[in-house]
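Participant: take this sequence and fold it.
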Amino acid sequence: MFKIDRLRFGTAGIPISTPKPSTIAGIERVRELGLDAMELEFVRGINIKPELAKKIKYVAEKNDIVLTAHAPYYINLNAKEKEKVEASKRRIIQSAERLYEAGGWSVVFHAGYYLKQPKESVYQKILSALKEIQKELMDKGIKVWLRPELTGKPTQFGDLKELVKLSQELELVLPAIDFAHAHARNKGKCNTEEEWREMLALIENELGREALDNMHIHISGIEYGEKGEKRHLNLEESDLKWEDLLKVLKEFRVKGVIISESPNIEGDAILMKKKWEELKI
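Facilitator: Next up, the predicted model:
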């Protein structure tokens, strides 16, 4: 995997303001907006063919845009039906392949649901599936980070400790840290400098400096209730203390990519990048 030179800011998908939206036009628009990353949204299916991926790689490199991808939503590596697990593995592999062909860096996915099963047995099942995914990708010479995401509901697999443990066991795996999800999953906690320092210190202590130099982060506003995440909001309409969060990320000298998943994707990406550049620590 190539190294990221700094903390970059980008959009979850093609910016809304892109005239005649396409992936290539989106990358060019991201550059016009002064941003430097973009997440390819494969959430409803992997909609890029290998020939197009090569063109995307050329345009992204020319514009100095780092590409990430979000694999399809229909993934559950803990499904009861074997065919659903196999289909989930295939979707992650195909997302990683296409991203790699497009010159991308890191693919994020929701790993699965607990389905009221013991957490340890769910962990083992997801670990086993990810080992198979990693082996197939490495056999094909495909190296992108695989990023199980910190999820927004307690019924979903993916609290920070689980993701850190997976990352210790698998060479291509590092966590995707969605700070809005952490806030929602914990019903309004994970919204102070002290809590964020604890999260980042845990990552650094368990996974080393490399993990902080290669962070795949999602930030947005979020509405939540007793069962966790309800929907994403724009930052200024939510209670997430995002400016304090950026301060802590700067304190820890984090590098990688922050993807805005707010409804106004580019608006909040620009807002965060501007604030980041103003911070003096």
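Participant: strands of the stretch 51-200 of the chain, residue ranges please.
Facilitator: Under the criterion DSSP state E, counting those that start in this stretch, strands of the stretch 51-200 of the chain are mapped to 66-70, 106-109, 145-148, 176-178.
Participant: and those as a markdown table, adding mean pLDDT and distance to residue 129?
Facilitator: All C-beta spots, glycine's among them, are computed from the backbone N, C-alpha and C. Shown next, in a markdown table, are the strands of the stretch 51-200 of the chain (pLDDT from 0 to 100; distance: least, CB to CB, whole Å):
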| stretch | mean pLDDT | distance to residue 129 |
| --- | --- | --- |
| strand 66-70 | 98 | 18 |
| strand 106-109 | 98 | 11 |
| strand 145-148 | 98 | 11 |
| strand 176-178 | 98 | 17 |
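Participant: export these to TSV and append columns for mean neighbour count.
Facilitator: Output for those, formatted as TSV (neighbours: other CB atoms under 10 Å):
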stretch	mean neighbour count
strand 66-70	25
strand 106-109	27
strand 145-148	25
strand 176-178	26
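Participant: tell me which of those strands lies nearest to residue 245.
Facilitator: Ranking these by proximity to residue 245 (CB to CB) places strand 176-178 first, at 10.6 Å.
Participant: packing partners for that closest one?
Facilitator: strand 215-219 (3 or more CB pairs under 8 Å, 6 or more residues apart in numbering; DSSP states H and E).
Participant: partner strands of the following helix or strand past the strand it packs on, parallel or antiparallel?
Facilitator: As assigned by DSSP states H and E, the chain's next helix or strand after strand 215-219 is strand 221-225. Sheet pairing of strand 221-225 (DSSP bridges) gives strand 228-233 (antiparallel).
Participant: check which residues of the strand it pairs with are buried.
Facilitator: Of all the residues in strand 228-233, those buried under the rule 16 or more other CB atoms under 10 Å are 228-229, 232-233.
Participant: before we move on, what about stretch 188-196?
Facilitator: Using 16+ other CB under 10 Å as the test for burial, stretch 188-196 gives 190-191, 195-196.
Participant: as JSON lines, the strands of the stretch 51-200 of the chain with distance to residue 270 would be great.
Facilitator: Output for those, formatted as JSON lines (distance: least, CB to CB, whole Å):
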{"stretch": "strand 66-70", "distance to residue 270": "17"}
{"stretch": "strand 106-109", "distance to residue 270": "21"}
{"stretch": "strand 145-148", "distance to residue 270": "24"}
{"stretch": "strand 176-178", "distance to residue 270": "20"}
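Participant: if we can go back for a sec, rebuild the buried residues of strand 228-233 as CSV, extending it with distance to residue 20 and pLDDT.
Facilitator: Supplementary listing: the buried residues of strand 228-233 in CSV, determined by distance: CB to CB, whole Å; pLDDT from 0 to 100:
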residue, distance to residue 20, pLDDT
228, 37, 96
229, 33, 97
232, 26, 97
233, 28, 98
